[in-house]
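> Give me a model of this one.
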Amino acid sequence: MEDEDRRTKRRRAAAAREQQTAYEFSRTPIYPGAKCSRLSYTILILNLQARFGCSNECISGIFRLLAERVLPEGSDVPNCRPEAKKHILPRMPNIEISDGYPRQDHPEEGFTSLSYYSKTSSYVPMPAIG
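Below you'll find the model as predicted:
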């Protein structure tokens, strides 16, 4: 019984830490003074992939270009698509990121929104940019 209580407390503490990390990720600017958070920056770039049907390599190139050549030194941004997924997925475990192609059961979405699907509920489209 005590072991179960300790495990439950540890799980709750871990969930609380993860929630705090996700909150910070959604609020931390990509560099000091930026109006764009790490989360919104990452989603905006991934949304471009979905909207325009870019390949994973193309989006990785865009991440790399922005991180290395456009944004100020020390910007806290992913520099490729796999790293971007690593930024999002641990912080939002109920979300699955597609490769930018429309789902068969929602063809009307086309490339206008990033394909996020909740693993626990129904289809959840992200808002399109532009």
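
> can you tell me which helix in the chain is longest?
Using DSSP state H to assign secondary structure, the helix with the most residues in the chain is helix 2-27.

> Next, the buried residues of that one.
Buried positions in helix 2-27, judged by neighbour count with 16 or more other Cβ atoms under 10 Å: Ala22, Phe25. Quick note: C-beta positions are derived from backbone N, CA and C, even for glycine.

> can you check stretch 76-93 too?
For stretch 76-93, burial by neighbour count (16+ other Cβ under 10 Å) applies to Asp76, Val77, Pro78, Cys80, Arg81, Ala84, His87, Ile88, Arg91, Met92.

> Just to check, the first one is in contact with Ala34?
It stands for Asp76. No. Contact between Asp76 and Ala34 fails when scored by Cβ atoms under 8 Å: they sit 9.7 Å apart.

> Return the closest of the buried residues of stretch 76-93 with respect to Ser55.
Distance to Ser55 across the buried residues of stretch 76-93 (Cβ to Cβ) is lowest for Arg81, with 9.5 Å.

> measure the closest one to Gly33 for me?
26 Å (Cβ to Cβ, to the nearest Å).

> excluding its backbone neighbours, what's nearest Asn79?
Leaving aside its chain neighbours, Asn79 sits nearest to Ala67 (4.1 Å; criterion: Cβ to Cβ, 6 or more residues apart in numbering).

> list the contacts for the one you found?
The neighbours of Ala67, taking Cβ atoms under 8 Å, 6 or more residues apart in numbering as the test, are Ser75, Val77, Pro78, Asn79.

> Same check on Ala84?
So Ala84 contacts Thr42, Ile45, Leu46, Ile59, Phe63, Pro78 (Cβ under 8 Å, 6+ apart).

> Out of these, grab the one that's most surrounded.
Most neighbours among those, by other Cβ atoms under 10 Å: Leu46, with 25 neighbours.

> Could you check how far that one is from Ala84?
The value you get for Leu46 to Ala84, if Cβ to Cβ is used, is 6 Å.
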